[in-house]
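Undergrad: sequence? don't have it. structure:
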Ligand code: AMP
């Protein structure tokens, strides 16, 4: 479906053309007409499906028909600062040829940022993109009201609940007019999301974009390893092929730092990103990574959701992600739009069962690549065994370079 079929005004169409979209993605095709019609919406669509444009474009179209009167009319609530910034950037692109204004309210430690946000909130940008905690801080100061708010959008709702923002979200909503259009996007639909949807949405239209879709173009591989083999293996992977952009995900900040330092020591141009870094440093790192200045970025899950970085050649899960959703989010950083990409996961003994669970969720076994012989013996892959200890050889060993350990796994 071409964008001209939605009936957007010429100034939005100019923005869409300038950005280079031609054909609507499935979530855009389903969501845009529903939003234009004025209905509440609940959509299960993960990052990479084009969900941002699916809600921004129709909301901009509607905002254009409203008076430009210094009142906030649309609010997008998101879990992280990075996502807020990224949505705000897309907003700028789409609304470039319109009079619709927007601002991201996501904080930072600097007092001038707070006063700039305060000014934008009191003078009324048409659309704000905010993180819950920061918006609550402004609301608590008592100078913002939202008497004209017409659209509430919750993006990555499951992630926000995981991060403990449930109360903040409800508090924010208690400050909004009851008559409004509500749109909720979530990668997954667990019962707590259904419950939140019941509290917020009125007779919503429901869209489900199949979870496995965006991952289809991604070549997925795994290495079954001992912890000590991870560093040599990652160095090998990064050195063996020339790659423009590689994202490495680790489970903790400490691990992120350690891997980053090891890579630097090995002469690989890398940077780290996690929540202990200052916001400005995080932003600079992302800009440098986006621009191609840094080819390897070692990250915690902070950047796994929602962050729109084009042309990532490879995602390496240095540790197995917490669950299937996180896995899909992490590997969804590669193979965006039409590009292809590779996702590699290192599975140590402790993580085998978890990875087995991810394979079950994906309804497929991920290819286990052989570890080159020079790195020594590797564990046998048997995710059905619960490993209480990290003892080497608990589930048996196999020689590096032999047949990958797919076979012992029985489907659960
Ligand atoms: P999102 O799921 O909103 O994070 O979008 C994922 C990526 O797809 C972003 O890089 C978008 O710019 C891009 N994108 C979204 N919609 C389209 C479209 N209709 N045509 C081409 N690229 C798109």
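TA: Nice, thanks for sending it over. Predicted model, so just to flag it, every value in this text is computed and none were measured.

Undergrad: wait, residue 155 touches residue 87, no?
TA: Yes: using CB atoms under 8 Å, residue 155 is in contact with residue 87, at 7.0 Å. Placement of C-beta: from N, CA and C, glycine included.

Undergrad: count of neighbours near whichever residue of the stretch 51-200 of the chain sits closest to the ligand?
TA: The nearest approach of the stretch 51-200 of the chain to the ligand comes at residue 52, 3.2 Å away (CB to the nearest ligand atom). Per other CB atoms under 10 Å, the neighbour tally for residue 52 reads 26.

Undergrad: got the domain boundaries for the protein?
TA: The chain breaks down by automatic domain parsing into domains covering 3-208, 218-392.

Undergrad: tabulate those (TSV), appending mean pLDDT.
TA: Shown next, in TSV, are those (pLDDT from 0 to 100):
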stretch	mean pLDDT
domain 3-208	92
domain 218-392	85
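
Undergrad: rewinding a little: SS state for the residue of the stretch 51-200 of the chain closest to the ligand?
TA: Assigned by DSSP: H, G, I helix; E, B strand; the rest coil, the conformation of residue 52 is helix.

Undergrad: that one contacts residue 84, correct?
TA: No: Residue 52 is beyond contact range of residue 84, at 11.5 Å (criterion: CB under 8 Å).

Undergrad: residues near residue 253, how many?
TA: Counted with other CB under 10 Å, residue 253 comes out at 17.

Undergrad: quick one: it from the ligand, how far?
TA: To the ligand, residue 253 is 25 Å away according to CB to the nearest ligand atom, to the nearest Å.

Undergrad: quick one, phi/psi of that residue?
TA: When read as degrees, to the nearest 10, the backbone of residue 253 gives phi -60, psi -40.

Undergrad: now for it: which residues touch it?
TA: Going by CB atoms under 8 Å, 6 or more residues apart in numbering, residue 253 touches 274, 275, 276, 300.

Undergrad: those also near the ligand: which ones?
TA: For the ligand, no contacts are drawn from the contacts of residue 253 by CB under 6 Å from any ligand atom.

Undergrad: of those, select the buried ones using a PyMOL command.
TA: In PyMOL, this line selects whichever of the contacts of residue 253 come out buried by 16 or more other CB atoms under 10 Å:
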select buried, resi 274+300
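
Undergrad: the contacts of residue 253: which two are farthest apart?
TA: Largest separation among the contacts of residue 253 by CB to CB: 276 and 300, giving 9.4 Å.

Undergrad: within range of the ligand, give me the residues from the protein.
TA: Where the chain comes near the ligand, counting by CB under 6 Å from any ligand atom, the residues are 21, 23-25, 28, 47-53, 308, 336-337.

Undergrad: follow-up on the earlier one: which one of the contacts of residue 253 is nearest to the ligand?
TA: Taking the contacts of residue 253 together and measuring to the ligand by CB to the nearest ligand atom, the closest member is residue 300, at 19.4 Å.

Undergrad: the nearest residue to the residue of the stretch 51-200 of the chain closest to the ligand once chain neighbours are set aside: neighbour count?
TA: Leaving out its chain neighbours, the residue that sits closest to residue 52 by CB to CB, 6 or more residues apart in numbering is residue 90, at 5.3 Å. Per other CB under 10 Å, the neighbour tally for residue 90 reads 18.

Undergrad: looking at this, residue 90 is in a helix?
TA: Yes: counting by three-state DSSP, residue 90 is located in a helix.

Undergrad: shouldn't it be in contact with residue 55?
TA: No: the criterion here is CB under 8 Å, and residue 90 misses it with residue 55 at 10.4 Å.

Undergrad: hmm, back to that, among the residues of the chain next to the ligand, which are located in helices?
TA: Among the residues of the chain next to the ligand, the members found in helices (DSSP state H) are 28, 51, 52, 53.

Undergrad: circling back to that earlier point, the contacts of residue 253 in strands, which ones?
TA: Using DSSP state E, no member of these falls in strands.

Undergrad: ok, now which ones touch the residue of the stretch 51-200 of the chain closest to the ligand?
TA: 86, 87, 90, 155, 308.

Undergrad: from these, pick the one nearest residue 71.
TA: residue 87 (20.3 Å).

Undergrad: and that closest one, what does it touch?
TA: 52, 56, 76, 78, 104, 129, 155, 306.

Undergrad: before we move on, what about residue 209?
TA: Going by CB under 8 Å, 6+ apart, residue 209 touches 26, 27, 30, 43, 44, 45, 46, 49.

Undergrad: how about residue 351: what's its closest non-neighbour residue?
TA: Excluding the flanking residues, the one nearest residue 351 by CB to CB, 6+ apart is residue 320, at 3.7 Å.

Undergrad: show me what the host helix or strand of residue 298 is packed up against.
TA: When elements are defined using DSSP states H and E, residue 298 is found to belong to strand 296-299. Packing partners of strand 296-299 (3 or more CB pairs under 8 Å, 6 or more residues apart in numbering; DSSP states H and E): strand 246-249, helix 253-265, strand 270-273.

Undergrad: off-centre distance for it?
TA: Using CA atoms, centre = their mean, to the nearest Å, the mean C-alpha position of strand 296-299 is found 15 Å from that of the whole chain.

Undergrad: that strand pairs with which strands?
TA: Counting by DSSP bridges, the strands paired with strand 296-299 are strand 246-249 (parallel), strand 270-273 (parallel).

Undergrad: isn't residue 294 up against residue 269?
TA: Yes: using CB under 8 Å, residue 294 is in contact with residue 269, at 6.1 Å.

Undergrad: looking at those two, which is more packed in?
TA: Higher neighbour count among residue 294 and residue 269: residue 294, with 18 against 11, using other CB under 10 Å.

Undergrad: look up how far residue 153 lies from the residue of the stretch 51-200 of the chain closest to the ligand.
TA: 10 Å (CB to CB, to the nearest Å).

Undergrad: before we move on, what about residue 268?
TA: 39 Å.

Undergrad: the two: which has the busier surroundings?
TA: Shown here are residue 268 and residue 153; by other CB under 10 Å, residue 153 has more neighbours (24 against 16).
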